[in-house]
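A.B. asks: Sequence isn't available, so here's the structure alone:
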């Protein structure tokens, strides 16, 4: 029973958040946290659990974003229709680029994924069908509820919450399955895993394709919320970097790591921009960058580890005190016995 | 057990968010939100635009009798609102459409701005104005030129700047006059980058020139190119009568240098504003680009005129000479504040009505538009431009149309 108390409290908190902090900006911020958490959690499967640091995940993000906007721009369909299309596209592209690049190890894999991402961005920038440099827009005025064009961010918030829940469920299931054990073994030492008979190439590719499909969902919802995608906002390398930083900051390879990372970074970025952005000179990024550097310096394994350790300390302290109090209670009682 | 730990963090994040709420509206102050790129690729433009708005604020909020009959200058504050002062809340769009939207939402719902202005990049103007439309807040863009912005059926969106179709008209009319004066204008090379600006303007111009029966040679290059030899060689081989440059600053400088290195001079070199209007372009390669024509809506005008005074104030504020982009920004802001002044209210619907009723004459403007008057889509139908030319040194002089000309146009292109 106790196992479920904390998850239930967390869930309740996340559900009531936009009702308690209910200004439109706070609600939108909440929705963005969840959206980035979806992307970072998807990245976490291959980047965190398997230790294959992909810096090209924005390609899959872009697949989703372009599929959603393309469904509207070219076929007049609700952007939502683009979600499955984007997933299929992302999985196929992941297979195509995964087969050659996943053979590379360490930095070489990261570099190859950057190259692919930049290549895709340049190709899209010069492809008229995808709006070239101008980009594609979604429905300007919602035609019906399926266009997902709301004034309030509340529907987005709960939609993203459900998608994040599913993403985390899939991640949890993968992590607990045989595949999860293979992935962790590959992360620790691919050579050792192979020599023990782990089908490393196949497992890595599967994880990569799964991760790609989920990332594309985040991209599609991003484009639907913003109502627009262009090569910079849908395929810019910074989006990959954001996924990576959020997962690493929260705790890569931990189920809730990316969520924690997003819950810290997204508000930090938006609020520092709100407070300092108008003053010019990019002060926002100085503050934002400095905090990341500090965390990387003092807690490289992620905030979640830090918190876990702090909480463990506090729990132990509380346990010790309660135990001591119980002992003290027992002792006078024992003394009274003696006196009697 | 990990979940337990997440909890603390989420509550901490929630607490931080709680502090963002609540901003109180003050009396006698009209707040306007400005969303501009203060960081990222376009930061320089955003920071100059900010300086331009601050000069405009000075003119509006303080008495400036030296500006004569220039609207909003004579008395301090807004006469229509009992001398209320205007305040601009600046926000950085960071070059991202999503961030632009977040800031628009914040400015509307927390800063309670009466209207929005911005957002420089067309893609960001597209997304931020969608938020303003949903909330029913007037949004005026003084500088984004993408054609689709005014084709969305928005009711709260206004644009003062000339757009590609206006440029096309300026160029076709100008080239027709040059042809009448004896120049050959049969074939035109459109040299453009592959950004949203370059491709969309080139597309519109191609259609316009083809309608006039002119031959088009389309030469595109990657933005921020490090080498444009092959493009210049192509020009040298095809020998178009007119070379029309649609380029940002660094590319424009590179083209000027490469043209000199390859000893290539077209008969007419015409530039589409942007890079060629940047003060750093003139500093770097002005001397080897003599005779270049350029489109602009800004010219300083004679000493003592309102435009000269404004140019002077701007130079003091920013340290740079006023250019077309900063000028259009400032002009758009004046149009917006003039509408609020006439509305006599900060109610969005009244400002919207006042904007629709805008009818400013050329003498009430600082830019060389034929006036400001919006059509149903929110586009200024009187937006236009003049042609300027680099003559004798490092200054542009207005050469076309005749009514605005300080000097006659000089042909052919001299180069260095």
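C.D. replies: Here it is on my side, so go on. Being a predicted model, the structure only gives us computed values, none of them experimental.

A.B. asks: which SS class is residue B:209?
C.D. replies: Following DSSP: H, G, I helix; E, B strand; the rest coil, residue B:209 is assigned to helix.

A.B. asks: Identify the residues contacting it.
C.D. replies: Contact analysis of residue B:209 by C-beta atoms under 8 Å, 6 or more residues apart in numbering or on different chains lists B:168, B:171-172, B:188, B:216. (Each C-beta comes from the backbone N, C-alpha and C, glycine too.)

A.B. asks: Give me the contact list for stretch A:110-128.
C.D. replies: Looking at what lies outside stretch A:110-128 - C-beta under 8 Å, 6+ apart - the contacts are A:53-59, A:62, A:66, A:97, A:100-101, A:104, A:130, A:132-133, A:231, A:234-237, A:240, B:194.

A.B. asks: follow-up on the earlier one: from the contacts of residue B:209, which ones fall inside strands?
C.D. replies: The strands, defined by DSSP state E, take in B:188, B:216 from these.

A.B. asks: Going by residue numbers, what spans are helices in the stretch 151-300 of chain A?
C.D. replies: Here the stretch 151-300 of chain A has its helices, by DSSP state H, counting those that start in this stretch, at A:154-176, A:178-188, A:190-195, A:200-226, A:231-235, A:237-250, A:257-276, A:283-298.

A.B. asks: Just tell me which of those ends up closest to residue B:30.
C.D. replies: helix A:257-276 (20.8 Å; C-beta to C-beta).

A.B. asks: Residue 115: neighbour count?
C.D. replies: With no chain named, the answer covers chain A. Using other C-beta atoms under 10 Å in any protein chain shown, residue A:115 has 14 other residues around it.

A.B. asks: The chain in question should be chain B.
C.D. replies: 27.

A.B. asks: That one: what's its closest spatial neighbour, skipping adjacent residues?
C.D. replies: Once flanking residues are discounted, residue B:115 sits nearest to residue B:138: 4.3 Å by C-beta to C-beta, 6 or more residues apart in numbering or on different chains.

A.B. asks: Quick check: the gap between that neighbour and residue B:30.
C.D. replies: Taking C-beta to C-beta, to the nearest Å as the measure, residue B:138 falls 12 Å from residue B:30.

A.B. asks: Buried ones from the contacts of stretch A:110-128, can you make that a ChimeraX selection?
C.D. replies: The buried residues among the contacts of stretch A:110-128 can be selected in ChimeraX (16 or more other C-beta atoms under 10 Å in any protein chain shown) with this line:
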select /A:53,54,55,56,57,58,59,62,66,97,101,130,132,133,231,234,235,236,240 /B:194
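
A.B. asks: Just the ones of the contacts of stretch A:110-128 in helices?
C.D. replies: A:58-59, A:62, A:66, A:97, A:100-101, A:231, A:234-235, A:237, A:240 (DSSP state H).

A.B. asks: now, which of these sits nearest residue B:205?
C.D. replies: Nearest to residue B:205, judged by C-beta to C-beta, of these is residue A:231 at 22.5 Å.

A.B. asks: from memory that closest one sits against residue A:135, does it?
C.D. replies: Yes - contact criterion C-beta atoms under 8 Å: residue A:231 and residue A:135 qualify, at 7.1 Å.

A.B. asks: what about the residue nearest in space to the middle of chain A, helix or strand, and which?
C.D. replies: The centre of chain A sits closest to residue A:40, judged by C-alpha atoms, centre = their mean, with a distance of 1.9 Å. Element membership for residue A:40, per DSSP states H and E: helix A:24-44.

A.B. asks: per-residue confidence for residue 163?
C.D. replies: Using chain A. Looking at residue A:163, its pLDDT is 95.

A.B. asks: To clarify, I was referring to chain B.
C.D. replies: Looking at residue B:163, the pLDDT reads 90.

A.B. asks: In contact with it: list those residues for me.
C.D. replies: Taking C-beta under 8 Å, 6+ apart, we find residue B:163 in contact with B:145-147, B:150, B:379, B:383.

A.B. asks: try 6 Å
C.D. replies: residue B:145 (C-beta atoms under 6 Å, 6 or more residues apart in numbering or on different chains).

A.B. asks: Now do it against residue B:190, distance only.
C.D. replies: The value you get for residue B:163 to residue B:190, if C-beta to C-beta is used, is 17 Å.

A.B. asks: Would you mind listing what in the stretch 151-300 of chain A touches chain B?
C.D. replies: When proximity is defined as C-beta under 6 Å from any C-beta of the partner chain, the stretch 151-300 of chain A approaches chain B at A:151, A:226-228, A:230, A:233, A:256, A:260, A:263, A:267, A:270, A:273-274, A:277-278, A:280, A:282.

A.B. asks: Name only those of those residues that count as buried.
C.D. replies: Using 16+ other C-beta under 10 Å as the burial test, those include A:226-228, A:230, A:233, A:256, A:260, A:263, A:267, A:270, A:273-274, A:277-278, A:280, A:282 as buried.

A.B. asks: Which element, helix or strand, includes residue 88?
C.D. replies: Picked chain A for this. Using DSSP H and E, residue A:88 sits within helix A:82-101.

A.B. asks: please go with chain B instead
C.D. replies: Per DSSP H and E: strand B:85-92 holds residue B:88.

A.B. asks: ok, and does that strand reach over to chain A?
C.D. replies: Yes - against chain A, strand B:85-92 shows contacts by C-beta under 6 Å from any C-beta at B:90-92.

A.B. asks: Need those in CSV (columns: distance to residue B:320, neighbour count and pLDDT).
C.D. replies: Putting the residues of strand B:85-92 next to chain A into CSV (distance: C-beta to C-beta, whole Å; neighbours: other C-beta atoms under 10 Å in any protein chain shown; pLDDT from 0 to 100) gives the following:
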residue, distance to residue B:320, neighbour count, pLDDT
B:90, 18, 22, 94
B:91, 23, 28, 94
B:92, 20, 30, 92
